[in-house]
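S.K.: structure for the following, please:
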Amino acid sequence: MRQFSQLLDGLVYTRSRNGKLDLIARYMREAPDPDRGWALAALTGNLDIKAVKASAIGEMIRARTDPVLYEMSRDYVGDLAETVALLWPKSEDQPAEIDDGSLTLSAIIDRLHSVSRAAAPTVLAQMMDHLDASGRFALLKLATGGLRVGISARLAKTGFAQAFDLDVDDVEECWHALTPPYTALFDWAEGRSDRPDPAGTPFFRPFMLAHPLEADSVDLADYAAEWKWDGIRIQIVGTGKETRLYSRAGDDITGSFPEIAQAFAAHAVLDGELLVKGEFQGGEAASFNALQQRLGRKAVTAKMMADYPAFVRLYDILLHADEDLRALPWADRRPRLEALLPSLDQDRFDISALIEASDFEALAEIRAGARDAAIEGVMLKRRDSPYVAGRKAALWYKWKRDPLTADCVMMYAQRGHGKRSSFYSDYTFGCWTEDGELLPVGKAYSGFTDEELKWLDRFVRNNTLNRFGPVREVEKSLVLEVAFDSIHDSKRHKSGLAMRFPRIARIRRDKPAAEADTVEGLRKLVS
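M.R.: Next up is the predicted model:
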């Protein structure tokens with residue numbers, strides 16, 4: 001357990017991507033089996049311990065220490081696991097020392113997997129009594145399933161690949177045929193066996209990604225243009241017997257959109273954008289806000305599927321039957337996709353139309369006039385480009401439409417997570433109604449520099465009016481210029497509006513709060 005806790009500490013306090021990769025790679029080479037396999041499962045979000053709930057951990061610490069001290073400490077630290085790990089006092093009547101073998105990472109996970117929900121707090125407390133603060137932090141992170149140590153599943157897999165000089169895309173292609181603690185994966189990595197063969201299973205293939213367009217123009221004789229839709233990119237993998245849906249990160253999201261999987265019977269792998277049909281748009285795509293009602297749900301009701309009917313706007317075809325098409329140029333893959341479309345459920349699948357433009361200047365005019373709720377920008381795809389994993393220079397470009405901006409007033413602030421857990425870095429902001437009321441219109445936690453974060457944190461601490469648990473209400477005097485991709489109607493917010501991808505563009509210390517924008521003005525930007 002000590003090795004794993006040191007790994008988590010290192011990941012929390014290491015800011016560079018390469019530094020995090022080095023830490024993961026070293027752990028994967030040096031840690032014993034099956035500890036390193038379980039660690040990889042935890043780092044990639046594939047460890048699910050159902051017996052331990054965050055509320056139970058709160059009750060445990062309140063029984064061991066002053067509840068008021070805990071609440072104040074939690075408010076200051078901002079992270080449950082870190083707060084409890086630091087505050088935890090050992091029991092005066094603790095049992096004899098637990099043998100070291102029962103506190104290995106694998107032994108702890110086995111114990112937590114087998115314990116009942118009722119007995120889990122007692123078992124967890126006994127383990128914590130025999131760990132230092134770092135060990136307790138790691139244990140609690142494992143138990144609650146939310147590591148939050150500044151890495152993605154893809155970064156964890158990249159660190160594993162780096163440890164053994166493997167191609168991370170090769171790791172991705174066999175990943176979904178494996179289960180923790182990934183014995184077969186480590187056998188392959190260390191030369192004891194061939195790469196695990198996912199053949200016959202609906203496994204994930206890494207996506208081809210695009211670079212932002214930075215050049216002034218491209219030659220449309222070399223590039224095809226199509227709309228970049230504002231949903232989530234998915235991969236549909238069908239074997240003819242089973243279909244799975246994967247997100248761009250390789251997460252299996254089939255359970256969230258079962259109607260899409262059920263409607264796809266082809267033996268093919270397709271790339272597309274998952275969208276929701278609009279209520280007033282004749283079946284056209286609704287805004288991302290509608291899709292958001294379906295995201296992150298492990299199971300959905302019939303009513304949810306009826307209220308927010310999902311469909312996929314297809315972009316590309318990777319495989320058809322047993323033929324791998326990825327090496328073909330885009331200009332050859334596109335007709336293959338068009339030929340397949342009539343055999344698919346027309347209610348669930350359509351194809352992303354190409355944009356006809358005489359030249360780049362004409363395309364720019366078309367793009368500038370596009371404010372459809374589901375359009376995020378334009379994709380430019382080189383006509384001779386194969387479908388290759390990752391971002392390859394000069395093959396695909398994404399040309400997002402220019403962001404909208406609004407001057408808003410900071411209303412509330414909350415501490416961040418991980419390396420930002422000591423800073424108030426999450427800001428809720430609002431705009432004025434005609435009656436002079438300030439209503440929240442969005443929340444942002446990005447777009448500012450480290451120096452600006454320090455300044456904003458000081459502003460929050462020095463201008464706090466009220467506290468509501470971890471949230472501080474601040475004096476309504478600071479204007480933030482907020483950039484966002486689009487804005488939509490929302491029944492969930494008092495203002496009736498919801499921003500898409502809001503981020504802080506500037507801190508407007510020069511602007512009086514009374515001169516910030518209005519809700520009515522924002523409503524005119526609704527697409």
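S.K.: C-alpha only now, for contacts and for neighbours.
M.R.: Fine.
S.K.: remind me what the helix-or-strand element of the chain with minimal mean pLDDT packs against, helices and strands.
M.R.: Ranked by mean pLDDT, DSSP states H and E, the weakest helix or strand in the chain is helix 288-292, scoring a mean of 79. On a contact count with 3 or more Cα pairs under 8 Å, 6 or more residues apart in numbering; DSSP states H and E, helix 288-292 meets strand 267-276, strand 497-500.
S.K.: weakest of the ones you listed in terms of mean pLDDT?
M.R.: For the helices and strands packed on helix 288-292, the weakest mean pLDDT is recorded on strand 497-500, namely a mean of 88.
S.K.: now do it: which elements does it pack against?
M.R.: Applying 3+ Cα pairs under 8 Å, 6+ apart, one finds that strand 497-500 contacts helix 288-292, strand 438-444, strand 486-489.
S.K.: contact partners of the shortest one?
M.R.: In this case it means strand 486-489. 287, 289, 373, 403-404, 496-501, 522-523, 525-527 (Cα atoms under 8 Å, 6 or more residues apart in numbering).
S.K.: quick revisit: go through the helices and strands packed on helix 288-292 and pick out the most buried.
M.R.: With neighbours taken as mean count of other Cα atoms under 10 Å, these reach their highest mean count in strand 267-276, at a mean of 23.
S.K.: residues contacting P212?
M.R.: Applying Cα under 8 Å, 6+ apart, we find P212 in contact with Y397, K398, W399, K400.
S.K.: and if you look at L318?
M.R.: L318 neighbours (Cα under 8 Å, 6+ apart): A268, V269, L270, D271, D324, L325, R326, Y387.
S.K.: same question for S490.
M.R.: N289, G496, L497, A498.
S.K.: just flag the most distant two among the residues you listed.
M.R.: Greatest spatial distance in the contacts of S490: N289 and G496, 12.1 Å, computed using Cα to Cα.
S.K.: what separation do you get for W396 and V378?
M.R.: 11 Å (Cα to Cα, to the nearest Å).
S.K.: hmm, I was thinking of L124
M.R.: 51 Å.
S.K.: out of the two, which sits in the busier spot?
M.R.: Taking neighbours as other Cα atoms under 10 Å, L124 and V378 compare with V378 leading, 24 against 21.
S.K.: check which helix or strand covers that one.
M.R.: V378 belongs to strand 375-382 when assigned by DSSP states H and E.
S.K.: give me the low-pLDDT residue ranges for the protein?
M.R.: 91-101, 279-283, 371-373, 418, 527 (pLDDT under 70).
S.K.: mind giving me the domain ranges of it?
M.R.: Annotated domains of the chain cover 2-144, 208-400, 404-523 [automatic domain parsing].
S.K.: first vs last residue of the first one, how far apart are they?
M.R.: What that stands for is domain 2-144. 19 Å.
S.K.: distance between it and the chain's centre?
M.R.: 23 Å (Cα atoms, centre = their mean, to the nearest Å).
S.K.: and the shortest one, by the same measure?
M.R.: If you compare the mean C-alpha spot of domain 404-523 with that of the full chain, they lie 22 Å apart, counting by Cα atoms, centre = their mean.
S.K.: ends of that domain, how far apart?
M.R.: Its first and final residues considered, domain 404-523 spans 12 Å by Cα to Cα.
S.K.: just to revisit the earlier point, filter the contacts of strand 486-489 down to the buried ones.
M.R.: S287, N289, A373, L497, A498, M499, R500, F501, L522, V526, S527 (16 or more other Cα atoms under 10 Å).
S.K.: put together CSV for those, with distance to H211 on each row.
M.R.: Below are those laid out as CSV (distance: Cα to Cα, whole Å):
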residue, distance to H211
S287, 24
N289, 25
A373, 23
L497, 31
A498, 28
M499, 24
R500, 21
F501, 19
L522, 30
V526, 28
S527, 26
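S.K.: out of these, which one sits closest to L344?
M.R.: Of all the buried ones among the contacts of strand 486-489, S287 has the smallest distance to L344: 24.0 Å, by Cα to Cα.
S.K.: let me see the contact set for the closest one.
M.R.: Neighbours of S287 in contact, by Cα under 8 Å, 6+ apart: D230, G231, V276, G278, A373, A374, H488.
S.K.: how about G278?
M.R.: E284, A285, A286, S287 are the contacts of G278 under Cα under 8 Å, 6+ apart.
S.K.: count the residues that sit near the residue nearest to the second one when sequence neighbours are not counted.
M.R.: Counting by Cα to Cα, 6 or more residues apart in numbering, A285 lies nearest to K277, which is 4.6 Å off, once chain neighbours are set aside. The criterion is other Cα under 10 Å. On that basis, K277 has 21 neighbouring residues.
S.K.: ok, now R391?
M.R.: Using other Cα under 10 Å, R391 has 14 other residues around it.
S.K.: next, the closest residue to it other than its chain neighbours: phi, psi?
M.R.: Closest residue to R391 apart from its sequence neighbours, by Cα to Cα, 6+ apart: L209 at 4.8 Å. The phi/psi pair for L209 (degrees, to the nearest 10) reads phi -120, psi 170.
S.K.: where's L209 relative to R415, distance?
M.R.: Distance, L209 to R415, using Cα to Cα: 33 Å.
S.K.: show me which of these two is the more surrounded one.
M.R.: R415 (23 against 17).
S.K.: pretty sure that one sits against Y445.
M.R.: No. Between R415 and Y445 there is no contact under Cα atoms under 8 Å: 9.8 Å.
S.K.: so for those two, which residues contact both of them?
M.R.: S425, D426.
S.K.: please identify the helix or strand for the nearest residue to A263 once chain neighbours are set aside.
M.R.: For A263, ignoring the flanking residues on the chain, the nearest one in space by Cα to Cα, 6+ apart is D345 at 6.2 Å. With elements taken from DSSP H and E, nothing contains D345; it lies in neither a helix nor a strand.
S.K.: wait, D345 sits on Q262?
M.R.: No. D345 is beyond contact range of Q262, at 10.0 Å (criterion: Cα under 8 Å).
S.K.: still on that earlier bit, burial of the residue nearest to A263, as a residue count?
M.R.: So D345, with other Cα under 10 Å, has 14 neighbours.
S.K.: coming back round to it: and the least confident helix or strand of the chain, what's buried?
M.R.: F288, N289, A290, L291.
S.K.: which residues does K392 contact?
M.R.: Going by Cα under 8 Å, 6+ apart, K392 touches L209, A210, H211.
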